[in-house]
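Visitor: Provided below for reference: sequence and predicted model.
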Amino acid sequence: MARSLRLRLQYIPAVKSSLLRNGFPSQKILAEDLGIAQSTVSHFLNGKPVDYANFIEICRGLGQEWRDIADFELESPPDEVLPISAKIAIAQSSADQELAVNLSTITNTKQSIIQPLPAAAPELPGGQVDLVSSFYIDRPPIESRCYETISQPGALIRIKAPRQMGKTSLMARILHHAAQQGSRTVALSFQLANRRVFANSDTFLQWFCASIGQELGMLEQLPKCWELADLIGSNQCCKAYFEQYLLSESSPPLTLGLDESDRLFESPEIADDFFGLLRALHEEAKRRDIWKKFRLIVVHSTEVYIPLDVNKSPFNVGLPIELPEFNVQQVQDLAKRHGLSWSAAEVAELMSLVGGNPYLVRLGMYHISRQDVSLDRLVKESATEAGIYSDHLRRHLWNLEKYGELMEGMREVTSVSQPVRLRSELGFKLNSMGLVKLDGNHCIPRCRLYEEYFRDRL
């Protein structure tokens, strides 16, 4: 009797979302890439038992640690053994045929698989926190409000925070929740667009539609919708593409997450057209059922410092979310997840240096938990080239040096002990970089680490 494993039910949504993240727009493409039956991939992703060799192979293709997500209740008796590798042959006559395991590759016993799972190893922070990570910290009631809102027809959520505060990680979790509710989901970062895309609104909107169409496997219909662009304009072509194909009557809802929206602010003409289009599409949900199936998440780091018509802006409608820094209890929780038995004084010592900045807190705890550095040494060396934050600080310094006005503004903020009033645009940009906090119309350094480092360098 063949050995089988299945995906734990609680991991199904997260593993499904990893398809696109690993470059597989569909189950069929993943199956072809791995050389296994599409039905096997479908069974795997829906929590049904599959041959354990196929289970391990699919996990490898999706970048998942199979021991962490497998339900071992289906394991067979102790005298059975495991193949450690199985590149499987599929009968060409049936696309749904299960794989035939070559038992000559069997070498390991069952005991090799049913080891106690270790506590989560520390994760080096950087970019999105994985959906199944133990190191994502909820900031109530933000997550629950977002999950409730995104399930509503025509929903719009706006997430604003400085860089490295967890915006993308929150967006991923909202999309994951939407997928659990039966919605199709697409995450699109404007950082993926090269300079040519921002040549004009027509080129940008074609890229926008093509990116979504590619993720949903509906790219071939786009040229037909764009045939009338010269007559009706690219905004109308984009709208028609959504209505005729992406939001067709038989299709489930579509939830779209737009990350790094700040990049459009560098092209005011495109931003005006595109954000006006988003506002118009959001308003369509109030009068047409087809647009009730369209839900939107817009992520940005700064205030909108380009002039937008109040009636054409998506930044004054929907649910606004501004991510705060971690509080003391959340930092204490994060320390425990890193295996650190910290006192209140030790938590306060780290927070006195970096505040509640999620990235800086996690980076410090990662290195302390790995015993690369002690808390005392981390604090003493923090603003020096020998400290663990040196690469992070240096990148900020290089970015400031590219823009003279920003460097002068940061110099002014760190050179005095009281809040400094800067021009609105400078304050917004320094805030979006995460270097300062806005205190009314004034700016102060975001944390002591930045204050000490830039006071010395600038």
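Guide: That came through, no problem.

Visitor: For the chain, name the helix or strand with the lowest mean pLDDT.
Guide: Sorted by mean pLDDT, DSSP states H and E, the helices and strands of the chain end with strand 106-109, the least confident at a mean of 33.

Visitor: Tell me the helix or strand right after that strand.
Guide: Next helix or strand after strand 106-109 toward the C-terminus (DSSP states H and E): helix 142-150.

Visitor: who does the very next helix or strand once past that next one touch, helix- and strand-wise?
Guide: Sequence order places strand 156-160 as the next helix or strand after helix 142-150, per DSSP H and E. Packing partners of strand 156-160 (3 or more Cβ pairs under 8 Å, 6 or more residues apart in numbering; DSSP states H and E): helix 142-150, helix 167-180, strand 294-300, strand 319-322. In short, each C-beta sits where N, CA and C put it, glycine included.

Visitor: how far does strand 156-160 sit from the chain's center?
Guide: In this view, strand 156-160 has its centroid 14 Å away from the chain centroid, taken as Cα atoms, centre = their mean, to the nearest Å.

Visitor: neighbouring strands for that strand, and are they parallel or not?
Guide: Looking at strand 156-160 with DSSP bridges, its partner strands are strand 294-300 (parallel), strand 319-322 (parallel).

Visitor: most packed of the ones you listed?
Guide: Of all the strands paired with strand 156-160, strand 294-300 has the most neighbours on average by mean count of other Cβ atoms under 10 Å, namely a mean of 24.

Visitor: So what touches that strand?
Guide: Residues from elsewhere that reach strand 294-300, judged by Cβ atoms under 8 Å, 6 or more residues apart in numbering: 150, 152-160, 167-168, 171, 174-175, 178, 183, 242, 247, 253-262, 278, 281-282, 284-285, 314-315, 318.

Visitor: PyMOL command to pick out the buried ones of the residues you listed?
Guide: The buried residues among the contacts of strand 294-300 can be selected in PyMOL (16 or more other Cβ atoms under 10 Å) with this line:
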select buried, resi 150+154+155+156+157+158+159+160+167+168+171+174+175+178+183+242+247+253+254+255+256+257+258+259+260+261+262+278+281+282+284+285+314+315+318
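
Visitor: got any ranges where the stretch 301-450 of the chain has weak pLDDT?
Guide: 303-312 (pLDDT under 70).

Visitor: Can you show me the helices along the stretch 301-450 of the chain?
Guide: For the stretch 301-450 of the chain, applying DSSP state H, counting those that start in this stretch gives helices covering 328-337, 344-354, 358-369, 375-381, 390-402, 404-415, 424-432, 448-457.

Visitor: who's in contact with the last one?
Guide: Residues external to helix 448-457 that are found in contact with it (Cβ under 8 Å, 6+ apart): 352-355, 360, 382-383, 389, 393, 396-397, 400, 410-411, 414-415, 435-436, 445.

Visitor: ok so, going back, right, and the helices and strands packed on strand 156-160 - which one's nearest residue 236?
Guide: Nearest to residue 236, of all those, is strand 294-300, at 16.1 Å by Cβ to Cβ.

Visitor: so how far is the closest one off the chain centroid?
Guide: The answer for strand 294-300 is 13 Å, by Cα atoms, centre = their mean.

Visitor: Repeat that for stretch 321-337.
Guide: How far stretch 321-337 lies from its chain's middle: 18 Å, per Cα atoms, centre = their mean.

Visitor: Now it: buried residues?
Guide: Applying a neighbour-count criterion of 16+ other Cβ under 10 Å, one finds 321, 323, 325-326, 330-332, 334-335, 337 buried in stretch 321-337.

Visitor: need the residues you listed in TSV with distance to residue 406, can you?
Guide: Shown next, in TSV, are these (distance: Cβ to Cβ, whole Å):
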residue	distance to residue 406
321	26
323	22
325	22
326	26
330	30
331	29
332	35
334	31
335	34
337	35
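
Visitor: before we move on, the earlier item: of the helices of the stretch 301-450 of the chain, which approaches residue 292 most closely?
Guide: Residue 292 lies closest, by Cβ to Cβ, to one member of these: helix 424-432, at 32.6 Å.

Visitor: elements contacting the closest one?
Guide: Packed against helix 424-432 by the contact rule (3+ Cβ pairs under 8 Å, 6+ apart) you find helix 404-415, strand 436-439, strand 442-445.

Visitor: Give me the contacts around it.
Guide: So helix 424-432 is contacted by 162-163, 262, 301-303, 305, 405-406, 409-410, 413, 422, 436-438, 441, 443 (Cβ under 8 Å, 6+ apart).

Visitor: Export it to CSV, keeping only CA atoms.
Guide: Provided in CSV are the C-alpha atoms of helix 424-432 (Å, rounded to 0.1, in the frame of the first residue of the first chain):
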residue,chain,number,x,y,z
SER,A,424,5.9,69.9,3.8
GLU,A,425,7.3,67.9,0.9
LEU,A,426,10.7,67.3,2.7
GLY,A,427,8.9,66.2,5.9
PHE,A,428,6.7,63.8,4.0
LYS,A,429,9.7,62.3,2.1
LEU,A,430,11.8,61.9,5.2
ASN,A,431,8.8,60.3,7.0
SER,A,432,8.2,57.9,4.1
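
Visitor: tally of neighbours for residue 133?
Guide: 14 (other Cβ atoms under 10 Å).

Visitor: Check it and give its pLDDT.
Guide: For residue 133, the model assigns a pLDDT of 90.

Visitor: Verify the contact between it and residue 123 for me.
Guide: Yes: assessed by Cβ atoms under 8 Å, residue 133 is found in contact with residue 123 at 6.3 Å.

Visitor: circling back to that earlier point, any chance of the helices and strands packed on helix 424-432 in TSV, plus distance to residue 453?
Guide: Listed next are the helices and strands packed on helix 424-432 as TSV, based on distance: least, Cβ to Cβ, whole Å:
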stretch	distance to residue 453
helix 404-415	9
strand 436-439	13
strand 442-445	9
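
Visitor: can you redo these as CSV with mean neighbour count and distance to residue 193?
Guide: Output for the helices and strands packed on helix 424-432, formatted as CSV (neighbours: other Cβ atoms under 10 Å; distance: least, Cβ to Cβ, whole Å):
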stretch, mean neighbour count, distance to residue 193
helix 404-415, 18, 23
strand 436-439, 19, 28
strand 442-445, 20, 30
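
Visitor: Strands along the stretch 151-300 of the chain, start to end?
Guide: Ranges of strands in the stretch 151-300 of the chain, per DSSP state E, counting those that start in this stretch, are 156-160, 184-189, 254-259, 294-300.

Visitor: what angle do the shortest one and helix 142-150 make?
Guide: Taking axes from the mean of the first three to the mean of the last three Cα atoms, to 10 degrees, one finds strand 156-160 and helix 142-150 inclined to each other by 150 degrees.
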